[in-house]
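J.: attaching a predicted model along with its sequence, questions to come.
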Amino acid sequence: MDLIPFSAIGAALGAIADPMILLWILIGVVVGLIFGAAPGLTATAGVAIATPLTFGASFEVAMALLLGIYCGGYFAGSIPAILINTPGAPGNAATALDGYRMARRGKADLALSLSVISSFIGGFVSILVLMLAAPRLADFALEFTSVEYFALGTFGLVCVAAVSGGSLLKGMIAAALGMLLGCSGIDPVGGMTRLTFGDPNLLGGVPLMPALIAFFAVSEMLVQAARKDSLATLPAQRRVGMGEVLSHYLRNKWLTIRSAFIGTGIGILPGTGPTIAAWISYGESARKKVPNAEEEGDPRGVIAAETANNAVTGGALIPLLTLGIPGDTVTAVLIGALLIQGIDPGPFFIAEKSDLFVQILLILLFANLCILVIGLGTRRWLPAILKLPPRILIPIIGVLCATGAFAINNTTFEVGLMAVLGLGGYVLIRFGFPMAPVVLGLVLGPMIETNLRNALTANDMDATVFLTRPIGALLLAAAVFTIVWTWRRHRAS
(Lines give C-alpha, C1' and ligand atoms only; values in the text may rest on other atoms or scores of the structure.)
Protein backbone atom coordinates (compact mmCIF):
# COMPACT_ATOMS: atom_id res chain seq x y z
CA MET A 1 0.00 0.00 0.00
CA ASP A 2 1.27 3.46 -0.89
CA LEU A 3 1.77 6.11 1.72
CA ILE A 4 -1.28 8.08 2.76
CA PRO A 5 -1.63 11.02 0.32
CA PHE A 6 -1.12 14.55 1.62
CA SER A 7 -4.60 15.47 0.38
CA ALA A 8 -6.10 12.94 2.82
CA ILE A 9 -3.97 14.30 5.67
CA GLY A 10 -5.04 17.86 4.84
CA ALA A 11 -8.72 16.88 4.69
CA ALA A 12 -8.46 15.07 8.03
CA LEU A 13 -6.72 18.02 9.70
CA GLY A 14 -9.41 20.36 8.40
CA ALA A 15 -12.19 18.15 9.76
CA ILE A 16 -10.66 17.57 13.22
CA ALA A 17 -9.62 21.23 13.65
CA ASP A 18 -13.30 22.17 13.92
CA PRO A 19 -13.83 23.46 17.50
CA MET A 20 -17.01 21.39 17.81
CA ILE A 21 -15.12 18.18 17.03
CA LEU A 22 -12.47 19.05 19.61
CA LEU A 23 -15.27 19.69 22.10
CA TRP A 24 -16.79 16.27 21.39
CA ILE A 25 -13.40 14.63 21.99
CA LEU A 26 -13.17 16.46 25.31
CA ILE A 27 -16.72 15.37 26.23
CA GLY A 28 -15.85 11.78 25.34
CA VAL A 29 -12.72 11.83 27.50
CA VAL A 30 -14.67 13.26 30.47
CA VAL A 31 -17.39 10.63 30.07
CA GLY A 32 -14.70 7.96 29.82
CA LEU A 33 -13.08 9.25 32.99
CA ILE A 34 -16.38 8.93 34.85
CA PHE A 35 -17.09 5.43 33.55
CA GLY A 36 -13.54 4.26 34.12
CA ALA A 37 -13.27 5.69 37.63
CA ALA A 38 -16.55 4.19 38.85
CA PRO A 39 -15.62 0.58 39.74
CA GLY A 40 -17.35 -1.89 37.45
CA LEU A 41 -18.44 0.71 34.88
CA THR A 42 -15.74 0.19 32.27
CA ALA A 43 -14.85 1.94 29.03
CA THR A 44 -16.65 -0.86 27.19
CA ALA A 45 -19.89 -0.06 28.99
CA GLY A 46 -19.46 3.64 28.24
CA VAL A 47 -18.82 3.06 24.53
CA ALA A 48 -21.69 0.54 24.34
CA ILE A 49 -24.14 3.01 25.88
CA ALA A 50 -22.93 5.95 23.77
CA THR A 51 -22.84 4.15 20.41
CA PRO A 52 -26.63 4.23 19.80
CA LEU A 53 -26.53 7.98 20.48
CA THR A 54 -24.35 8.44 17.37
CA PHE A 55 -27.22 7.63 15.00
CA GLY A 56 -27.50 10.61 12.67
CA ALA A 57 -24.15 12.06 13.76
CA SER A 58 -21.28 12.62 11.35
CA PHE A 59 -18.27 10.30 11.31
CA GLU A 60 -16.12 12.94 12.99
CA VAL A 61 -18.57 13.52 15.85
CA ALA A 62 -19.21 9.79 16.39
CA MET A 63 -15.52 8.86 16.47
CA ALA A 64 -14.63 11.90 18.60
CA LEU A 65 -17.13 10.88 21.28
CA LEU A 66 -16.49 7.13 21.22
CA LEU A 67 -12.70 7.18 20.94
CA GLY A 68 -12.59 9.82 23.67
CA ILE A 69 -14.54 7.47 25.94
CA TYR A 70 -12.30 4.60 24.85
CA CYS A 71 -9.04 6.33 25.82
CA GLY A 72 -10.40 8.08 28.92
CA GLY A 73 -11.99 4.93 30.28
CA TYR A 74 -8.84 2.84 29.93
CA PHE A 75 -6.86 5.37 31.96
CA ALA A 76 -9.47 6.19 34.60
CA GLY A 77 -9.81 2.62 35.78
CA SER A 78 -6.52 3.19 37.58
CA ILE A 79 -8.12 5.80 39.88
CA PRO A 80 -10.17 3.39 42.05
CA ALA A 81 -7.36 0.82 41.71
CA ILE A 82 -4.97 3.24 43.39
CA LEU A 83 -7.36 4.83 45.87
CA ILE A 84 -9.55 1.96 47.08
CA ASN A 85 -7.80 -1.15 45.75
CA THR A 86 -10.75 -1.80 43.43
CA PRO A 87 -9.75 -1.77 39.74
CA GLY A 88 -12.16 0.19 37.59
CA ALA A 89 -11.59 -2.44 34.88
CA PRO A 90 -9.78 -5.78 34.68
CA GLY A 91 -6.92 -4.11 32.84
CA ASN A 92 -6.17 -1.99 35.92
CA ALA A 93 -5.90 -4.92 38.32
CA ALA A 94 -2.10 -4.97 38.10
CA THR A 95 -2.02 -1.24 38.87
CA ALA A 96 -3.80 -1.85 42.17
CA LEU A 97 -0.96 -3.96 43.56
CA ASP A 98 1.62 -1.20 43.89
CA GLY A 99 -0.69 1.80 43.43
CA TYR A 100 -2.79 1.05 46.50
CA ARG A 101 0.29 0.33 48.60
CA MET A 102 1.61 3.75 47.62
CA ALA A 103 -1.71 5.39 48.48
CA ARG A 104 -1.71 3.76 51.92
CA ARG A 105 1.72 5.34 52.47
CA GLY A 106 0.48 8.81 51.50
CA LYS A 107 1.77 8.64 47.91
CA ALA A 108 -1.53 8.60 46.01
CA ASP A 109 -0.59 11.86 44.26
CA LEU A 110 2.60 10.28 42.92
CA ALA A 111 0.80 7.09 41.88
CA LEU A 112 -1.95 9.01 40.06
CA SER A 113 0.59 11.25 38.34
CA LEU A 114 2.54 8.23 37.14
CA SER A 115 -0.68 6.65 35.92
CA VAL A 116 -1.63 9.74 33.89
CA ILE A 117 1.75 10.17 32.22
CA SER A 118 2.17 6.44 31.60
CA SER A 119 -1.26 6.31 29.97
CA PHE A 120 -0.28 9.16 27.65
CA ILE A 121 3.03 7.53 26.72
CA GLY A 122 1.40 4.16 26.04
CA GLY A 123 -1.36 5.74 23.97
CA PHE A 124 1.08 7.89 21.98
CA VAL A 125 3.37 4.99 21.11
CA SER A 126 0.38 2.88 20.04
CA ILE A 127 -0.78 5.70 17.73
CA LEU A 128 2.64 5.75 16.06
CA VAL A 129 2.52 1.97 15.57
CA LEU A 130 -1.05 2.20 14.24
CA MET A 131 0.03 4.85 11.74
CA LEU A 132 3.07 2.90 10.54
CA ALA A 133 1.89 -0.71 10.77
CA ALA A 134 -1.79 -0.61 9.84
CA PRO A 135 -1.35 0.28 6.14
CA ARG A 136 1.22 -2.49 5.72
CA LEU A 137 -0.90 -5.01 7.60
CA ALA A 138 -3.79 -4.13 5.30
CA ASP A 139 -1.69 -5.27 2.33
CA PHE A 140 -1.00 -8.50 4.18
CA ALA A 141 -4.70 -8.88 4.98
CA LEU A 142 -5.56 -8.94 1.27
CA GLU A 143 -3.85 -12.33 1.14
CA PHE A 144 -6.35 -13.81 3.61
CA THR A 145 -8.89 -16.40 2.49
CA SER A 146 -11.63 -18.14 4.46
CA VAL A 147 -8.99 -20.47 5.89
CA GLU A 148 -6.97 -17.64 7.43
CA TYR A 149 -10.04 -15.81 8.70
CA PHE A 150 -11.31 -18.96 10.40
CA ALA A 151 -7.92 -19.60 11.98
CA LEU A 152 -7.54 -15.98 13.09
CA GLY A 153 -11.01 -15.85 14.62
CA THR A 154 -10.39 -19.14 16.41
CA PHE A 155 -7.04 -17.95 17.75
CA GLY A 156 -8.53 -14.70 19.03
CA LEU A 157 -11.40 -16.48 20.75
CA VAL A 158 -9.08 -19.06 22.33
CA CYS A 159 -6.75 -16.32 23.58
CA VAL A 160 -9.43 -14.42 25.41
CA ALA A 161 -11.05 -17.59 26.74
CA ALA A 162 -7.71 -18.79 28.07
CA VAL A 163 -6.64 -15.57 29.81
CA SER A 164 -10.04 -14.44 31.15
CA GLY A 165 -10.57 -15.27 34.80
CA GLY A 166 -8.85 -18.02 36.71
CA SER A 167 -10.36 -21.06 35.00
CA LEU A 168 -9.61 -22.23 31.48
CA LEU A 169 -12.72 -24.41 31.50
CA LYS A 170 -14.99 -21.50 32.48
CA GLY A 171 -13.39 -19.30 29.84
CA MET A 172 -14.02 -21.91 27.15
CA ILE A 173 -17.61 -22.47 28.32
CA ALA A 174 -18.22 -18.71 28.25
CA ALA A 175 -16.85 -18.50 24.70
CA ALA A 176 -19.07 -21.42 23.66
CA LEU A 177 -22.12 -19.68 25.13
CA GLY A 178 -21.29 -16.58 23.13
CA MET A 179 -20.94 -18.62 19.94
CA LEU A 180 -24.28 -20.29 20.68
CA LEU A 181 -25.93 -16.87 20.93
CA GLY A 182 -24.28 -15.98 17.63
CA CYS A 183 -25.97 -18.97 15.94
CA SER A 184 -29.41 -17.41 16.43
CA GLY A 185 -31.21 -16.27 13.28
CA ILE A 186 -30.96 -17.37 9.67
CA ASP A 187 -28.07 -19.67 8.79
CA PRO A 188 -25.75 -17.50 6.63
CA VAL A 189 -24.74 -20.46 4.44
CA GLY A 190 -27.74 -22.81 4.29
CA GLY A 191 -30.55 -20.30 4.92
CA MET A 192 -32.22 -22.33 7.69
CA THR A 193 -33.77 -20.68 10.76
CA ARG A 194 -32.02 -21.44 14.06
CA LEU A 195 -32.68 -20.65 17.72
CA THR A 196 -35.33 -18.00 17.08
CA PHE A 197 -37.98 -19.70 19.27
CA GLY A 198 -40.58 -18.58 16.77
CA ASP A 199 -39.88 -14.88 17.36
CA PRO A 200 -39.39 -12.93 14.10
CA ASN A 201 -37.35 -10.33 16.00
CA LEU A 202 -34.52 -12.89 16.20
CA LEU A 203 -34.42 -13.75 12.49
CA GLY A 204 -31.49 -11.39 12.10
CA GLY A 205 -29.72 -12.94 15.07
CA VAL A 206 -29.16 -11.57 18.55
CA PRO A 207 -28.76 -7.79 18.09
CA LEU A 208 -25.18 -6.86 18.89
CA MET A 209 -25.69 -3.55 20.67
CA PRO A 210 -28.36 -4.66 23.21
CA ALA A 211 -26.21 -7.73 23.95
CA LEU A 212 -23.10 -5.62 24.51
CA ILE A 213 -24.96 -3.19 26.77
CA ALA A 214 -26.43 -6.14 28.66
CA PHE A 215 -23.19 -8.02 29.25
CA PHE A 216 -20.97 -5.06 30.06
CA ALA A 217 -23.28 -2.47 31.60
CA VAL A 218 -26.39 -4.19 32.99
CA SER A 219 -24.59 -7.21 34.44
CA GLU A 220 -21.92 -5.05 36.10
CA MET A 221 -24.61 -2.67 37.36
CA LEU A 222 -26.30 -5.61 39.09
CA VAL A 223 -22.96 -6.74 40.54
CA GLN A 224 -22.34 -3.27 41.96
CA ALA A 225 -25.88 -3.10 43.35
CA ALA A 226 -25.28 -6.35 45.24
CA ARG A 227 -22.09 -5.11 46.89
CA LYS A 228 -22.31 -4.15 50.54
CA ASP A 229 -18.70 -3.32 51.39
CA SER A 230 -17.66 0.24 52.20
CA LEU A 231 -14.77 2.29 50.91
CA ALA A 232 -11.60 2.52 52.97
CA THR A 233 -10.27 5.88 54.16
CA LEU A 234 -6.79 6.83 53.05
CA PRO A 235 -4.23 8.66 55.19
CA ALA A 236 -3.18 12.25 54.52
CA GLN A 237 -1.51 12.45 51.14
CA ARG A 238 1.78 14.15 50.26
CA ARG A 239 1.80 16.32 47.15
CA VAL A 240 4.60 15.84 44.67
CA GLY A 241 6.07 18.09 42.00
CA MET A 242 6.54 17.25 38.33
CA GLY A 243 10.30 17.04 38.82
CA GLU A 244 9.93 14.11 41.19
CA VAL A 245 7.43 12.42 38.89
CA LEU A 246 9.59 12.79 35.77
CA SER A 247 12.66 11.49 37.60
CA HIS A 248 10.96 8.09 37.80
CA TYR A 249 10.71 7.99 34.00
CA LEU A 250 14.35 8.95 33.56
CA ARG A 251 15.35 6.05 35.79
CA ASN A 252 12.94 3.63 34.12
CA LYS A 253 12.92 4.78 30.50
CA TRP A 254 13.59 1.33 29.06
CA LEU A 255 10.84 -0.25 31.15
CA THR A 256 8.44 2.42 29.89
CA ILE A 257 9.36 1.87 26.23
CA ARG A 258 9.26 -1.90 26.62
CA SER A 259 5.84 -1.76 28.27
CA ALA A 260 4.47 0.48 25.50
CA PHE A 261 5.49 -2.00 22.81
CA ILE A 262 4.27 -4.98 24.85
CA GLY A 263 0.85 -3.33 25.19
CA THR A 264 0.67 -2.39 21.52
CA GLY A 265 1.78 -5.84 20.38
CA ILE A 266 -0.71 -7.64 22.58
CA GLY A 267 -3.44 -5.22 21.50
CA ILE A 268 -2.86 -6.26 17.89
CA LEU A 269 -3.72 -9.87 18.79
CA PRO A 270 -7.51 -10.20 18.44
CA GLY A 271 -9.35 -10.88 21.66
CA THR A 272 -6.54 -10.32 24.16
CA GLY A 273 -6.95 -6.76 25.42
CA PRO A 274 -5.45 -4.71 28.26
CA THR A 275 -5.62 -7.24 31.07
CA ILE A 276 -2.96 -9.62 29.79
CA ALA A 277 -0.89 -6.68 28.48
CA ALA A 278 -0.84 -5.04 31.91
CA TRP A 279 0.06 -8.25 33.72
CA ILE A 280 2.87 -9.16 31.32
CA SER A 281 4.37 -5.69 31.64
CA TYR A 282 3.91 -5.76 35.39
CA GLY A 283 5.80 -9.04 35.43
CA GLU A 284 8.64 -7.34 33.55
CA SER A 285 8.80 -4.62 36.21
CA ALA A 286 8.74 -7.18 39.03
CA ARG A 287 11.95 -8.81 37.81
CA LYS A 288 13.90 -6.08 39.56
CA LYS A 289 13.64 -6.38 43.32
CA VAL A 290 12.98 -3.10 45.15
CA PRO A 291 13.48 -2.81 48.94
CA ASN A 292 10.23 -2.52 50.95
CA ALA A 293 8.11 -2.83 47.79
CA GLU A 294 5.71 -5.21 49.55
CA GLU A 295 4.89 -2.54 52.15
CA GLU A 296 5.36 0.77 50.35
CA GLY A 297 4.68 -0.13 46.71
CA ASP A 298 6.93 0.19 43.68
CA PRO A 299 6.34 3.07 41.20
CA ARG A 300 7.75 0.81 38.48
CA GLY A 301 4.70 -1.42 38.78
CA VAL A 302 2.32 1.50 38.14
CA ILE A 303 4.42 2.73 35.19
CA ALA A 304 4.59 -0.70 33.54
CA ALA A 305 0.95 -1.66 34.03
CA GLU A 306 -0.58 1.66 32.94
CA THR A 307 1.74 2.16 29.97
CA ALA A 308 0.83 -1.28 28.60
CA ASN A 309 -2.84 -0.89 29.50
CA ASN A 310 -3.30 2.24 27.39
CA ALA A 311 -0.97 1.12 24.60
CA VAL A 312 -3.64 -1.48 23.80
CA THR A 313 -5.98 1.26 22.50
CA GLY A 314 -4.06 1.90 19.29
CA GLY A 315 -2.91 -1.69 18.89
CA ALA A 316 -6.45 -3.09 19.12
CA LEU A 317 -7.58 -0.81 16.29
CA ILE A 318 -5.11 -2.42 13.86
CA PRO A 319 -6.98 -5.75 13.42
CA LEU A 320 -10.29 -3.84 13.49
CA LEU A 321 -9.40 -1.44 10.68
CA THR A 322 -7.40 -3.89 8.55
CA LEU A 323 -9.15 -7.23 9.09
CA GLY A 324 -12.55 -6.24 10.46
CA ILE A 325 -11.81 -8.26 13.61
CA PRO A 326 -12.03 -6.63 17.06
CA GLY A 327 -8.79 -6.48 19.00
CA ASP A 328 -10.60 -6.20 22.33
CA THR A 329 -14.10 -5.76 23.74
CA VAL A 330 -14.28 -2.01 23.07
CA THR A 331 -13.34 -2.42 19.43
CA ALA A 332 -16.04 -5.09 19.23
CA VAL A 333 -18.49 -2.33 20.09
CA LEU A 334 -16.79 0.07 17.67
CA ILE A 335 -17.63 -2.32 14.82
CA GLY A 336 -21.26 -1.42 15.41
CA ALA A 337 -20.41 2.29 15.47
CA LEU A 338 -18.59 2.05 12.13
CA LEU A 339 -21.46 0.12 10.56
CA ILE A 340 -23.82 2.84 11.72
CA GLN A 341 -21.69 5.26 9.68
CA GLY A 342 -21.97 2.97 6.66
CA ILE A 343 -18.32 1.90 6.92
CA ASP A 344 -17.27 -1.72 6.63
CA PRO A 345 -13.85 -2.11 8.33
CA GLY A 346 -11.49 -4.43 6.54
CA PRO A 347 -8.54 -4.65 4.13
CA PHE A 348 -9.85 -1.90 1.84
CA PHE A 349 -10.71 0.64 4.55
CA ILE A 350 -7.35 2.46 4.68
CA ALA A 351 -6.92 2.45 0.90
CA GLU A 352 -10.41 3.73 0.15
CA LYS A 353 -10.98 5.89 3.24
CA SER A 354 -7.49 7.20 3.99
CA ASP A 355 -8.84 10.57 5.19
CA LEU A 356 -11.06 8.81 7.75
CA PHE A 357 -8.11 6.71 8.91
CA VAL A 358 -6.07 9.87 9.51
CA GLN A 359 -9.03 11.37 11.37
CA ILE A 360 -9.00 8.38 13.73
CA LEU A 361 -5.27 8.90 14.35
CA LEU A 362 -5.74 12.60 15.11
CA ILE A 363 -8.71 11.95 17.40
CA LEU A 364 -6.69 9.39 19.36
CA LEU A 365 -3.80 11.84 19.66
CA PHE A 366 -5.98 14.69 20.90
CA ALA A 367 -7.82 12.36 23.29
CA ASN A 368 -4.52 11.32 24.86
CA LEU A 369 -3.48 14.97 25.17
CA CYS A 370 -6.79 15.66 26.94
CA ILE A 371 -6.09 12.79 29.35
CA LEU A 372 -2.65 14.24 30.11
CA VAL A 373 -3.97 17.75 30.77
CA ILE A 374 -7.13 16.77 32.64
CA GLY A 375 -5.47 13.98 34.58
CA LEU A 376 -2.58 16.09 35.86
CA GLY A 377 -4.78 19.12 36.43
CA THR A 378 -7.45 17.30 38.44
CA ARG A 379 -5.58 14.43 40.06
CA ARG A 380 -6.01 15.93 43.54
CA TRP A 381 -9.82 16.00 43.38
CA LEU A 382 -10.48 13.06 41.04
CA PRO A 383 -11.38 10.85 44.07
CA ALA A 384 -14.60 12.88 44.37
CA ILE A 385 -15.99 10.89 41.41
CA LEU A 386 -15.92 7.79 43.58
CA LYS A 387 -18.06 9.41 46.28
CA LEU A 388 -21.21 9.39 44.14
CA PRO A 389 -23.61 7.14 46.11
CA PRO A 390 -24.49 3.86 44.38
CA ARG A 391 -28.21 4.55 45.00
CA ILE A 392 -27.87 7.52 42.63
CA LEU A 393 -25.31 6.15 40.16
CA ILE A 394 -26.91 2.76 39.47
CA PRO A 395 -30.42 4.05 38.54
CA ILE A 396 -28.85 6.61 36.18
CA ILE A 397 -26.89 3.88 34.43
CA GLY A 398 -30.02 1.73 34.24
CA VAL A 399 -31.97 4.47 32.49
CA LEU A 400 -29.11 5.09 30.05
CA CYS A 401 -28.93 1.36 29.24
CA ALA A 402 -32.64 1.12 28.50
CA THR A 403 -32.57 4.31 26.42
CA GLY A 404 -29.57 3.12 24.44
CA ALA A 405 -31.12 -0.28 23.67
CA PHE A 406 -34.43 1.29 22.62
CA ALA A 407 -32.82 3.95 20.42
CA ILE A 408 -31.26 1.41 18.06
CA ASN A 409 -34.48 0.24 16.35
CA ASN A 410 -37.14 1.93 18.51
CA THR A 411 -38.45 -1.39 19.74
CA THR A 412 -39.20 -2.56 23.25
CA PHE A 413 -38.14 -6.09 22.28
CA GLU A 414 -34.49 -5.09 22.37
CA VAL A 415 -34.96 -3.44 25.78
CA GLY A 416 -36.45 -6.69 27.10
CA LEU A 417 -33.70 -8.73 25.46
CA MET A 418 -31.10 -6.46 27.06
CA ALA A 419 -32.66 -7.04 30.48
CA VAL A 420 -32.78 -10.85 30.02
CA LEU A 421 -29.20 -11.06 28.75
CA GLY A 422 -28.04 -8.68 31.48
CA LEU A 423 -29.59 -10.90 34.13
CA GLY A 424 -28.00 -13.94 32.50
CA GLY A 425 -24.64 -12.16 32.47
CA TYR A 426 -25.02 -11.35 36.17
CA VAL A 427 -25.67 -15.03 36.94
CA LEU A 428 -22.57 -16.03 34.95
CA ILE A 429 -20.45 -13.48 36.82
CA ARG A 430 -21.72 -14.74 40.16
CA PHE A 431 -20.57 -18.25 39.19
CA GLY A 432 -17.16 -16.96 38.14
CA PHE A 433 -17.61 -16.94 34.35
CA PRO A 434 -15.85 -14.04 32.54
CA MET A 435 -17.86 -11.77 30.24
CA ALA A 436 -15.20 -11.05 27.61
CA PRO A 437 -15.29 -14.56 26.03
CA VAL A 438 -19.10 -14.43 25.85
CA VAL A 439 -19.07 -11.16 23.92
CA LEU A 440 -16.22 -12.13 21.63
CA GLY A 441 -17.91 -15.49 21.02
CA LEU A 442 -21.03 -13.58 19.94
CA VAL A 443 -18.97 -11.30 17.66
CA LEU A 444 -16.53 -13.84 16.25
CA GLY A 445 -18.79 -16.91 16.27
CA PRO A 446 -20.65 -16.14 13.03
CA MET A 447 -17.37 -15.25 11.30
CA ILE A 448 -15.72 -18.48 12.46
CA GLU A 449 -18.68 -20.60 11.36
CA THR A 450 -19.12 -18.94 7.97
CA ASN A 451 -15.45 -19.09 7.06
CA LEU A 452 -15.11 -22.69 8.26
CA ARG A 453 -17.97 -23.80 6.06
CA ASN A 454 -16.86 -21.69 3.08
CA ALA A 455 -13.31 -23.02 3.32
CA LEU A 456 -14.51 -26.63 3.41
CA THR A 457 -16.97 -26.06 0.56
CA ALA A 458 -14.31 -24.42 -1.62
CA ASN A 459 -11.90 -27.32 -1.03
CA ASP A 460 -14.26 -30.27 -1.56
CA MET A 461 -14.70 -30.78 2.21
CA ASP A 462 -10.97 -31.44 2.60
CA ALA A 463 -10.08 -30.42 6.16
CA THR A 464 -6.35 -30.67 5.49
CA VAL A 465 -6.54 -27.24 3.82
CA PHE A 466 -6.29 -25.75 7.33
CA LEU A 467 -2.89 -27.41 7.73
CA THR A 468 -1.46 -26.86 4.24
CA ARG A 469 -1.82 -23.05 4.19
CA PRO A 470 1.07 -21.74 6.35
CA ILE A 471 -0.61 -18.75 8.01
CA GLY A 472 -3.76 -20.66 8.92
CA ALA A 473 -1.77 -23.63 10.22
CA LEU A 474 0.44 -21.34 12.32
CA LEU A 475 -2.56 -19.58 13.88
CA LEU A 476 -4.30 -22.86 14.68
CA ALA A 477 -1.08 -24.24 16.18
CA ALA A 478 -0.82 -21.08 18.30
CA ALA A 479 -4.39 -21.62 19.48
CA VAL A 480 -3.63 -25.20 20.51
CA PHE A 481 -0.43 -24.09 22.24
CA THR A 482 -2.37 -21.41 24.15
CA ILE A 483 -4.85 -23.97 25.44
CA VAL A 484 -2.14 -26.46 26.47
CA TRP A 485 0.06 -23.79 28.08
CA THR A 486 -2.84 -22.32 30.05
CA TRP A 487 -4.01 -25.76 31.18
CA ARG A 488 -0.54 -26.74 32.37
CA ARG A 489 -0.07 -23.42 34.15
CA HIS A 490 -3.34 -23.86 36.01
CA ARG A 491 -2.42 -27.42 36.98
CA ALA A 492 0.93 -26.26 38.35
CA SER A 493 -0.62 -23.42 40.40
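T.: Okay, I see it.
J.: low-confidence ranges, the stretch 201-350 of the chain, go.
T.: 227-237, 269-273, 284, 286-296, 327 (pLDDT under 70).
J.: one more time with 90, if that's ok
T.: Counting by pLDDT under 90, the ranges of the stretch 201-350 of the chain that qualify are 201-256, 258-306, 308-350.
J.: strands along that one, start to end?
T.: Secondary structure of the stretch 201-350 of the chain (DSSP state E, counting those that start in this stretch): no strands present.
J.: Asp199: neighbour count?
T.: Counted with other Cβ atoms under 10 Å, the burial measure for Asp199 works out to 10 neighbours. Where you see a C-beta, it was placed from the backbone N, CA and C, and this is true even at glycine.
J.: from Gly185, how far out is it?
T.: 11 Å (Cβ to Cβ, to the nearest Å).
J.: same question, Ala463
T.: Ala463 is 26 Å from Gly185, where distance means Cβ to Cβ.
J.: cool, and Val333?
T.: With Cβ to Cβ as the criterion, Val333 and Gly185 are 20 Å apart.
J.: more neighbours: which of the two?
T.: Set side by side, Val333 and Gly185 show more neighbours around Val333, with 29 against 17, by other Cβ under 10 Å.
J.: the more buried one: what's it in contact with?
T.: The neighbourhood of Val333, defined by Cβ atoms under 8 Å, 6 or more residues apart in numbering, consists of 44, 47-48, 51, 209, 212.
J.: repeat that with 7 Å
T.: Going by Cβ atoms under 7 Å, 6 or more residues apart in numbering, Val333 touches 44, 47-48, 51, 212.
J.: of those residues, which is the most crowded?
T.: For the contacts of Val333, the largest number of neighbours (other Cβ under 10 Å) sits with Ala48, at 34 neighbours.
J.: just the pLDDT at it, thanks.
T.: On pLDDT, Ala48 comes in at 82.
J.: so it touches Ala214, yeah?
T.: No - using Cβ atoms under 7 Å, Ala48 and Ala214 do not qualify as a contacting pair, with a distance of 9.0 Å.
J.: and Ile280, how far from Ile34?
T.: The value you get for Ile280 to Ile34, if Cβ to Cβ is used, is 28 Å.
J.: could you do Thr51 as well?
T.: Separation of Thr51 from Ile34 (Cβ to Cβ) stands at 17 Å.
J.: same check, this time on Tyr100
T.: Plainly put, Tyr100 is 21 Å away from Ile34 if you go by Cβ to Cβ.
J.: all helices for the stretch 1-150 of the chain, in order.
T.: Taking DSSP state H, counting those that start in this stretch, the helices of the stretch 1-150 of the chain run over residues 6-16, 19-37, 43-50, 59-76, 78-84, 93-104, 108-141, 146-163.
J.: avg pLDDT for the last one?
T.: In other words, helix 146-163. Per-residue pLDDT over helix 146-163 has a mean of 75.
J.: can you put the helices of the stretch 1-150 of the chain in JSON lines and add distance to Val484?
T.: Formatted as JSON lines, the entries for the helices of the stretch 1-150 of the chain read as follows, by distance: least, Cβ to Cβ, whole Å:
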{"stretch": "helix 6-16", "distance to Val484": "45"}
{"stretch": "helix 19-37", "distance to Val484": "35"}
{"stretch": "helix 43-50", "distance to Val484": "29"}
{"stretch": "helix 59-76", "distance to Val484": "31"}
{"stretch": "helix 78-84", "distance to Val484": "32"}
{"stretch": "helix 93-104", "distance to Val484": "25"}
{"stretch": "helix 108-141", "distance to Val484": "27"}
{"stretch": "helix 146-163", "distance to Val484": "10"}
